[in-house]
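>>> 3D model of this:
(one chain, ligands or ions: 3)
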Amino acid sequence: MKFKTAVKPYRAAAGGLGSLEATTRFVIDSKNALKNMRNLLRMNKARGFDCPGCAWGDDNKSTFSFCENGAKAVTWEATRRQIDAAFFAQHSVSALTRQSDYFLEYQGRLTEPLRYNPQTDRYEPISWADAFAMIGEHIRAMDHPNQLELYTSGRASNEASYLYQLFGRMVGTNNFPDCSNMCHEASGAGLKRSIGVGKGTIHLADFEQADAIFVFGQNPGTNHPRMLHSLRHAADRGARIVTFNTLRERGLERFADPQKPLEVVTSKAGAISSSYYQPRLGGDMAAVRGIAKALLETQRQRLAKGEESLFDDAFIAEHTNGIDQWFAQIDATSWQSIEQQSGLSQQQLRDAAVVWQQAKRVICTWAMGITQHKHSLDTVREITNLQLLGGHLGKPGAGLCPVRGHSNVQGNRTMGIDEKPSTALLDSLGRHFNFNPPREPGHNTVEAISAMLRDDVKVLIALGGNLAAAAPDTPRTCEALRRCGLTVYISTKLNRSHLMPGKASLILPTLGRTEEDVQASGRQFVTVEDSFSMVHASEGIGKPLATTQRSETAIVAGIADATLGKEKLDWRALAGDYNLIREHIAATIPGFDNFNARCEEPGGFWLGNAAADLRFATPSGKAEFSAAVLPQSVCPETDAPFVLQTLRSHDQYNTTIYGLDDRYRGVYGQRDVLFMHPDDIDALGLKDGDRVDIETRSTDGIERRVEDFRLVAYDIPRGNLAAYYPETNPLVPLTRFGDGTGTPTSKSIPVSVTAAHARQTLRIA
Ligand SMILES: Nc1nc2c(c(=O)[nH]1)N[C@H]1C(S)=C(S)[C@@H](COP(=O)(O)OP(=O)(O)OC[C@H]3O[C@@H](n4cnc5c(=O)[nH]c(N)nc54)[C@H](O)[C@@H]3O)O[C@H]1N2
Ligand SMILES: Nc1nc2c(c(=O)[nH]1)N[C@H]1C(S)=C(S)[C@@H](COP(=O)(O)OP(=O)(O)OC[C@H]3O[C@@H](n4cnc5c(=O)[nH]c(N)nc54)[C@H](O)[C@@H]3O)O[C@H]1N2
Ligand SMILES: [Mo]
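Numbering: from 1, shown residues only. Ligands and ions are numbered 1, 2, ... in the order given. Got it, this is the predicted structure:
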């Protein structure tokens with residue numbers, strides 16, 4: 001494949017013609033255009049499938065039901081290309097490791113179970129029965145249950161993930177590392193401590209009533225394009241949108257609705273952000289502290305003059321705890337440290353505070369720019385503090401909104417994919433299924449990888465995902481995977497992880513969400529939960545490519561049956577009729593009473609959120625203000641000249657690379673780029689377009705470097721850098737993760753940059 005490379009600024013609004021053109025190109029390139037057009041029309045409809053793209057909610061009133069990047073996700077899955085035994089006969093695993101991630105997935109869908117043969121260094125066909133039997137034997141041969149790791153990526157349905165966690169706990173482990181450990185862990189953990197529930201508190205419709213929306217560390221134009229509609233509508237009716245983003249992201253500036261012909265043709269785009277602040281990487285906690293400090297100063301002046309309070313004093317008195325300690329901490333934080341750490345001026349933060357104080361209803365949203373730092377948990381709690389101060393909780397048009405990543409990552413947790421399960425969940429499972437679930441916490445993702453490196457993992461099963469590319473410290477993660485006794489990948493497409501086989505390895509080809517799923521009792525649907533805690537049915541419509549592909553639920557049941565037999569549970573009967581699984585969910589997971597009947601509700605049903613009802617499951621029974629000190633610095637243990645964030649381009653879905661363009665950032669045909677401030681490029685004695693090597697400042701003696709990246713001059717704070725994930729994952733240390741979250745600090749890596757010496761090609765295509 002040849003790609004033309006270019007870097008040229010993108011002047012149009014996000015969405016618009018560019019979006020339509022890209023959608024069409026991807027539909028045609030899928031080699032399955034008709035099927036995909038039909039797919040797109042049925043996406044996110046009452047009787048269709050849930051978009052496998054992101055976890056944004058569905059507005060069942062509008063005709064708009066998919067976006068450019070959702071279309072890419074669907075067409076990427078529904079391709080006619082397939083990869084079979086002949087492909088592997090042709091390519092050895094070692095030869096495939098030299099191919100790019102783009103090449104690997106572009107080969108098409110996996111269609112038959114495969115087993116790695118170390119003699120030939122190739123994957124070879126194996127029957128489903130033999131594959132299941134092999135997994136069962138390996139698990140039964142373990143010395144103890146914690147030698148099993150059960151990884152989950154957030155696309156798995158509620159039904160599949162419920163069976164999966166039940167299987168793991170019946171084997172005797174809580175080792176459920178998942179993609180969430182690398183993603184929104186800080187949101188879950190921070191919100192839980194502050195408001196007693198680790199989920200967002202708002203409904204999608206709240207965007208229609210908010211007076212101000214603060215968007216922190218998030219790139220919706222690429223990663224949650226349907227969110228732009230909510231933001232655009234809000235902006236059009238006069239709501240203020242205040243953005244905090246290290247980079248100037250086109251989608252947060254201007255947006256033209258690609259489904260409104262007039263906007264596309266006339267390029268009539270609507271502005272999104274009314275103010276745009278570019279804090280330093282990791283500077284948001286300081287920025288929010290600054291807003292709070294400005295508010296507190298104004299409040300004191302007001303009270304001195306006998307004017308009315310800026311804060312919701314009744315809410316604070318009745319529902320919160322600890323405000324005095326927080327105020328004391330604000331007083332102890334100097335403007336100087338706030339400005340220095342946030343990279344924003346006192347005046348900018350005072351301006352943002354004015355927007356906050358003028359709004360009766362405020363929503364705060366955030367994503368990876370907030371959660372992938374060392375002090376992310378405290379930052380999430382600082383944002384929550386601000387909301388509590390104004391009583392922006394439990395009323396329409398206001399609340400907290402962590403915008404989730406994978407389309408069912410929130411549902412996975414609700415179903416019990418959790419390495420630190422609550423006692424209530426374990427009690428409920430134990431009672432209902434009559435067994436003793438393990439009580440000690442299991443491994444999160446970085447702990448699982450460390451256990452592999454210690455040779456303490458006999459079996460790794462991955463329900464989706466691509467650990468080799470998604471996890472930090474690529475060379476060590478790859479070595480870790482190779483050290484496992486048996487690796488089992490349940491996947492739709494070939495990826496980097498498959499090329500890191502354990503001593504034994506299986507690839508099990510699964511149906512995707514867009515595809516028809518027929519089991520013993522007939523056609524099945526599954527359920528998913530979005531960022532707004534709406535649970536709804538998803539039913540695939542496309543004909544599967546091969547009869548040898550199986551649903552995730554059937555595969556999990558097959559593994560469980562081969563390992564544990566029918567004695568405790570008839571796993572295969574459950575996989576024959578998903579209604580039976582939903583009955584067990586209804587009996588064990590709160591909020592799912594009458595689950596099967598409620599799946600019929602158009603648009604699904606709301607799981608409820610205690611904090612939104614002003615019930616707080618914290619030790620004090622009230623929402624807790626957090627009085628954390630600001631971190632000493634974003635990268636405390638080093639004196640590196642630069643801090644690097646790793647982020648997504650417009651043409652990728654995590655480790656899945658759809659293409660080599662990042663249109664809104666003006667990058668075409670290449671991914672090995674490093675965004676840097678022009679003055680920093682000058683200071684290094686380099687020029688825009690020069691090639692450089694990037695090295696992590698080490699605190700553990702391990703050299704971490706990537707080579708031959710093209711410098712791109714960009715509107716980014718001085719001292720900060722940005723480059724794409726997963727190419728830069730070799731720079732992310734496995735040993736550096738968030739306090740209280742275990743999330744790798746992929747948005748604050750201390751690095752140095754030097755001119756490239758060797759022209760060693762690490763390019764993606
Ligand atoms: N098309 C598409 N959709 C996706 C995904 C995808 O890869 N492709 N991935 C899905 C997943 S799993 C997730 S988690 C989400 C990810 O959604 P995002 O969180 O939007 O993903 P990133 O690309 O990591 O972008 C991080 C954004 O935060 C900004 N940022 C980084 N660090 C900081 C900081 O310290 N402060 C501030 N204020 N801003 C900062 C960056 O400039 C960038 O705009 O998207 C989901 N949706
Ligand atoms: N440096 C850096 N690292 C990061 C991040 C970052 O911002 N920077 N972001 C982190 C985040 S937020 C996340 S969520 C993780 C993502 O980590 P993962 O979820 O592990 O990775 P994905 O790339 O989403 O997984 C893609 C693979 O899933 C499989 N797949 C796709 N659809 C299905 C399906 O329907 N069923 C099954 N069984 N398999 C399927 C395909 O084989 C595909 O190759 O990466 C994390 N890693
Ligand atoms: Mo994510």
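
>>> and the nearest residue to Asp688 once chain neighbours are set aside, what pLDDT?
Distances taken as CB to CB, 6 or more residues apart in numbering place Ala713 nearest to Asp688, at 4.3 Å, with adjacent residues excluded. Every C-beta, even on glycine, is put in place using the N, C-alpha and C of the backbone. Here the pLDDT value assigned to Ala713 is 97.

>>> same deal with Lys2?
pLDDT, Lys2: 57.

>>> so which residues of the stretch 651-765 of the chain form strands?
Along the stretch 651-765 of the chain, counting by DSSP state E, counting those that start in this stretch, strands occupy 652-653, 656-657, 667-668, 673-676, 691-696, 705-713, 720-724, 749-755.

>>> packing partners for the second one?
Going back to what we said before, that points to strand 656-657. Judged by 3 or more CB pairs under 8 Å, 6 or more residues apart in numbering; DSSP states H and E, strand 656-657 is in contact with helix 101-106.

>>> mind listing what's buried along the helix it packs on?
The neighbour-count check on helix 101-106 (16 or more other CB atoms under 10 Å) flags Asp101, Tyr102, Leu104, Glu105, Tyr106 as buried.

>>> care to break the protein down by domain?
Domain assignment for the chain by automatic domain parsing gives 6-77, 90-179+408-593, 185-402, 642-755.

>>> those: which one's closest to Pro602?
Closest to Pro602 of these is domain 6-77 (CB to CB; 4.7 Å).

>>> from the middle of its chain, how far away would that closest one be?
Distance, stretch centre to chain centre, for domain 6-77: 19 Å (CA atoms, centre = their mean, to the nearest Å).

>>> determine which of the strands of the stretch 651-765 of the chain approaches Gln348 most closely.
With respect to Gln348, and counting by CB to CB, the nearest of those is strand 720-724 at 16.7 Å.

>>> relative to strand 749-755, how tilted is that closest one?
90 degrees (axes from the mean of the first three to the mean of the last three CA atoms, to 10 degrees).

>>> elements contacting strand 720-724?
Where contact means 3+ CB pairs under 8 Å, 6+ apart, strand 720-724 is packed against strand 642-647, strand 673-676.

>>> quick one: strands adjacent to that strand?
Strand 720-724 has the following sheet partners, assigned by DSSP bridges: strand 642-647 (parallel), strand 673-676 (antiparallel).

>>> do the shortest one and ligand 1 meet?
No. In terms of CB under 6 Å from any ligand atom, no part of strand 673-676 sits within range of ligand 1; the closest distance is 9.2 Å.

>>> residues in contact with that strand: which ones?
Strand 673-676 is contacted from outside by 7, 247, 665, 667, 692, 694, 709-714, 716, 721-724, 753, using CB atoms under 8 Å, 6 or more residues apart in numbering.

>>> again, 7 Å this time
667, 692, 694, 709-714, 716, 721-723 (CB atoms under 7 Å, 6 or more residues apart in numbering).

>>> who in the stretch 251-400 of the chain is up against ligand 1?
Applying CB under 6 Å from any ligand atom, we find that the stretch 251-400 of the chain lies next to ligand 1 at Pro279, Leu281, Gly282, Asp284, Ala367, Met368, Gly369.

>>> again, 5 Å this time
Within the stretch 251-400 of the chain, the positions near ligand 1 by CB under 5 Å from any ligand atom are Leu281, Gly282, Asp284, Ala367, Met368, Gly369.

>>> need the next SSE after the longest helix seen in the chain, C-terminal direction.
Looking across the chain with DSSP state H, the single longest helix is helix 284-304. The first helix or strand that comes after helix 284-304 along the chain, using DSSP states H and E, is helix 313-319.

>>> ok so, going back, mind giving me the packing neighbours of the longest helix of the chain?
Judged by 3 or more CB pairs under 7 Å, 6 or more residues apart in numbering; DSSP states H and E, the packing partners of helix 284-304 are helix 323-332, helix 335-342, helix 346-358, helix 376-389.

>>> out of these, which gets nearest to Asp84?
Of all the helices and strands packed on helix 284-304, helix 376-389 comes closest under CB to CB, at 43.0 Å.

>>> for this protein, which spans come out with low pLDDT?
Applying pLDDT under 70 to the chain flags the ranges 1-3, 33-34, 36-38, 40-47, 59-66, 259-268, 758-765.

>>> just want the most central residue of it.
Gly405 (3.0 Å; CA atoms, centre = their mean).

>>> residues contacting the closest residue to that one other than its chain neighbours?
Using CB to CB, 6+ apart and skipping the chain neighbours, the partner closest in space to Gly405 is Cys183 (5.0 Å). Contacts of Cys183 were listed using CB under 7 Å, 6+ apart, and they are Thr371, Gly405, Val409.
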